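Visitor: got a predicted structure here, sequence first:
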Amino acid sequence: MAHKLTPFITAEQIAQRNTELGREVTASYSGETPLVCICVLKGAFLFFADIIRRIDREIEIDFVRLASYGSATSRSEDIVFSKDLEISIEGKDVLVIEDIVDTGHSMDFLLHVLRRRNPKSLKICALIDKHERREKAVTVDFAGFKLSDGFIVGYGLDYDERYRELGGIFELSNES
């Protein structure tokens, strides 16, 4: 089935918002504690690359990838790491950088695991915050854009591994 892509957020709007987010993140972290920026793969990789270049302080970076297992007809509560951190976050400020926080199940799992590793602080920066769909009590500390509904692709966000490479964000629908 063919898809229709309707422009939603332009590459220019994303770049401008990323600059603002970089300033917000920089302003909220001060002192000597190391800042570890964690990219949640795959979707956040473009956003992550742009954001970390706009944070005006020394950072460490690492990557995680989560996988859910269960039947296709129900959301699985069985979330596991398919790629875990390689560095210690104990005593460090940690910023998790994610593409989209929707129901909050995956992020809730990740935050629970990271808290057990004793970071000094733990915050979330998300390109898209779909707060209206939240089922878990997860707060996005730094949100690029808020969205109530719709299925979006581009700038790292995908549908069946397609459309990640698009510079802007588009609403995806089926063509009639």
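Guide: Okay, I see it.
Visitor: show me what counts as buried in the lengthiest strand in the chain.
Guide: Identified as the longest strand of the chain according to DSSP state E is strand 59-69. By neighbour count with 16 or more other CB atoms under 10 Å, strand 59-69 contains the buried residues Asp62, Phe63, Val64, Leu66. Quick note: C-beta positions are derived from backbone N, CA and C, even for glycine.
Visitor: show me what that strand pairs with in its sheet, parallel or antiparallel.
Guide: Within its sheet, strand 59-69 is paired with strand 35-41 (parallel), strand 78-83 (antiparallel), according to DSSP bridges.
Visitor: now the longest one, how far from the centre of its chain.
Guide: The one in question is strand 35-41. 9 Å (CA atoms, centre = their mean, to the nearest Å).
Visitor: least confident secondary structure element in this structure?
Guide: strand 78-83 (a mean of 83; mean pLDDT, DSSP states H and E).
Visitor: find the centremost residue of the chain, please.
Guide: By CA atoms, centre = their mean, the chain has its centre lying nearest to Glu98, at 0.9 Å.
Visitor: what about Gln16, helix or strand, and which?
Guide: Gln16 belongs to helix 11-28 when assigned by DSSP states H and E.
Visitor: what residues sit buried inside the host helix or strand of Glu171?
Guide: Using DSSP H and E, Glu171 maps to strand 169-174. Within strand 169-174, the residues that count as buried by 16+ other CB under 10 Å are Ile169, Phe170, Glu171, Leu172.
Visitor: so Ser121 bridges to which residues?
Guide: Counting by DSSP bridges, Ser121 forms beta bridges with Asp93.
Visitor: and the pLDDT at it?
Guide: pLDDT, Ser121: 95.
Visitor: check Phe63 too.
Guide: 97.
Visitor: distance of it relative to Leu95?
Guide: 13 Å (CB to CB, to the nearest Å).
Visitor: what's the overlap in contacts for the two?
Guide: Common neighbours of Phe63 and Leu95, using CB atoms under 8 Å, 6 or more residues apart in numbering, are Ile38.
Visitor: so what's Asp129 closest to, chain neighbours aside?
Guide: Once flanking residues are discounted, Asp129 sits nearest to Ala143: 3.9 Å by CB to CB, 6 or more residues apart in numbering.
Visitor: can you get me a residue count around the nearest residue to Asn118 once chain neighbours are set aside?
Guide: Distance criterion CB to CB, 6+ apart; nearest residue to Asn118, sequence neighbours excluded, is Glu90 at 4.6 Å. By other CB atoms under 10 Å, the residues close to Glu90 number 10.
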